[in-house]
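Participant: Need the 3D shape of this:
(one chain, ligands or ions: 2)
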Amino acid sequence: MEKNVTTPYQLDELNRESTYGGVGEDADEREIPVIDFSDFTQRKAQITEALWHAATEVGFFQIANHGISQQAINNAFTTAEQFFALSEETKAQYPRPKGANVGWESLSQVRPSTGTPDQKESYQITRPFMQGLWPTEEELPGFATEMLDFEQQCWQVGMQVLSCFADKLGFDTDFFTQAHDPASGAYQSTLRLLHYYPTTPVEEQGKLWRAGAHTDFDCLTLLFQHEGHGGLQVCPGKEAQEGRWTNVPPRGDVITCNIGDMLQRWSDDALQSNLHRVRMPKTGEYTGSRQSIAFFCQANKDKLIEGPANKYPPITAEDFLNQRIQANFTKADGGGY
Ligand SMILES: O=C(O)CCC(=O)C(=O)O
Ligand SMILES: [Fe+2]
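Facilitator: Ligands and ions are numbered 1, 2, ... in the order given. Below is the predicted model:
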């Protein structure tokens with residue numbers, strides 16, 4: 001099947017996404033809620049209310065006092081930078097295989113909203129599927145150990161957030177924790193290291209984007225923004241037609257979170273998976289390399305996504321993700337599987 005912007009997609013989520021490529025306008029009146037996670041166990045009920053409000057209204061929120069040390073985050077960024085500084089030939093030894101969320105890719109992700117490749121390279125880590133995809137100890141000592149440790153810390157925070165949503169949706173508290181079991185071979189949550197290439201500033205945003213407008217495929221995304229590396233903009237679903245985009249402050253001490261399509265479906269649309277994108281820097285703004293790190297909580301392949309009210313027919317997490325990945329990578333990259 002040809003993958004291009006005119007392809008009619010099977011999932012509603014994809015049809016929606018393919019219509020949102022317009023530049024729109026900046027709307028800085030909206031605030032991204034910051035939610036304090038300190039004393040999580042004692043304050044869980046209060047945190048849950050704050051999360052639910054943020055997730056149903058804006059779809060994006062930032063978590064402060066999340067428990068991952070600043071040192072661990074800084075180290076992850078430094079190590080990611082070292083990975084991307086490896087030679088093209090070295091990185092090309094670890095390519096993203098067809099239709100999988102693992103390995104290295106560069107300039108290959110074409111969003112249905114834009115039809116142009118994101119101006120970035122990325123490296124994906126999904127625990128069970130990394131064979132042959134780690135750089136060697138000579139190339140980058142300690143890389144796998146450090147990244148898997150960071151991945152585990154992200155998972156902890158992700159599961160805390162999801163346990164709050166489980167409470168509100170009437171599932172067992174640990175429902176999503178079991179659905180994202182890292183010990184299973186069907187685990188498919190992914191840590192993604194991102195490097196947006198240095199660029200020349202634009203007077204006006206044109207066809208090329210650092211990351212074209214999209215919603216995420218997963219249940220929940222934890223995004224670590226590099227202090228000062230701006231450009232991320234969000235647009236709540238309700239306002240997508242008007243195209244009013246809010247800048248997300250690039251704070252290095254909080255985790256920026258958003259709901260993805262999988263959880264929107266799993267919550268019968270109660271939780272909003274919102275559009276976001278990374279625009280090109282304008283004249284006068286920082287134009288160097290831009291880094292970020294994302295952790296995508298994606299239910300294990302064999303889990304069935306079924307909302308409490310059964311609004312949508314059940315679909316396995318594997319089938320759901322496959323359709324989304326397929327629509328996002330070009331044929332040239334070997335993405336059509
Ligand atoms: O780099 C960012 O700020 C956003 C990345 C993103 O949206 C994604 O990888 O899905
Ligand atoms: Fe995203």
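Participant: right, is stretch 216-230 up against ligand 1?
Facilitator: Yes - interface with ligand 1: stretch 216-230 contributes Asp216, Leu223 (CB under 6 Å from any ligand atom). All C-beta spots, glycine's among them, are computed from the backbone N, C-alpha and C.
Participant: Straight-line length of that stretch, end to end?
Facilitator: End-to-end distance of stretch 216-230 (CA to CA, to the nearest Å): 19 Å.
Participant: Any idea how far that stretch is from the middle of the chain?
Facilitator: Stretch 216-230 sits 6 Å away from the centroid of its parent chain (CA atoms, centre = their mean, to the nearest Å).
Participant: pLDDT (mean, whole number) over that stretch?
Facilitator: If you average the pLDDT over stretch 216-230, you get 94.
Participant: and Phe83, which of the three is it?
Facilitator: helix (DSSP: H, G, I helix; E, B strand; the rest coil).
Participant: mind listing what it touches?
Facilitator: Each residue near Phe83 by CB atoms under 8 Å, 6 or more residues apart in numbering is listed here: Lys91, Tyr123, Pro135, Leu140, Phe143, Leu193.
Participant: How about the contacts made by the fifth one?
Facilitator: For Phe143, the contacting residues are Thr79, Gln82, Phe83, Trp134, Pro135, taking CB under 8 Å, 6+ apart as the criterion.
Participant: ok, the one residue in the stretch 51-200 of the chain that gets nearest to ligand 1 - how many residues close by?
Facilitator: Nearest residue of the stretch 51-200 of the chain to ligand 1 (CB to the nearest ligand atom) works out as Leu194 at 4.9 Å. When neighbours are counted by other CB atoms under 10 Å, Leu194 registers 24.
Participant: any weak-confidence spans in the stretch 101-250 of the chain?
Facilitator: Scanning the stretch 101-250 of the chain for pLDDT under 70 picks out 237-241.
Participant: at 50 what do you get?
Facilitator: Within the stretch 101-250 of the chain, no stretch falls below the threshold (pLDDT under 50).
Participant: near ligand 1, which residues of it show up?
Facilitator: Arg192, Leu194, Ala211, Asp216, Leu223, Leu232.
Participant: can you list those in TSV and add distance to Ser267 and secondary structure?
Facilitator: Shown next, in TSV, are those (distance: CB to CB, whole Å; DSSP: H, G, I helix; E, B strand; the rest coil):
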residue	distance to Ser267	secondary structure
Arg192	23	strand
Leu194	27	strand
Ala211	25	strand
Asp216	15	coil
Leu223	20	strand
Leu232	24	strand
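Participant: was I right about the residue of the stretch 51-200 of the chain closest to ligand 1 contacting Ile293?
Facilitator: Yes - applying CB atoms under 8 Å, one finds Leu194 in contact with Ile293, separated by 6.8 Å.
Participant: Now the phi/psi pair for the residue nearest the centre of the chain, please.
Facilitator: With distances taken as CA atoms, centre = their mean, Thr221 lies nearest the centre of the chain, 4.7 Å away. With angles defined as degrees, to the nearest 10, Thr221 sits at phi -110, psi 130.
Participant: SS state for the residue nearest to it when sequence neighbours are not counted?
Facilitator: Nearest residue to Thr221, sequence neighbours excluded (CB to CB, 6 or more residues apart in numbering): Asn258, at 5.1 Å. Under three-state DSSP, Asn258 falls in the strand class.
Participant: Which element, helix or strand, includes the residue of the chain positioned farthest from its centre?
Facilitator: Here the centre of the chain is the reference, and by CA atoms, centre = their mean the most remote residue is Glu138, at 29.9 Å. For Glu138, there is no enclosing helix or strand under DSSP states H and E.
Participant: now Arg265
Facilitator: Counting by DSSP H and E, Arg265 is part of helix 261-266.
Participant: what number of residues lie near Pro314?
Facilitator: Quick note: Pro314 (other CB under 10 Å) scores 11 neighbours.
Participant: contacting residues for it?
Facilitator: Leu304, Ile305, Glu306.
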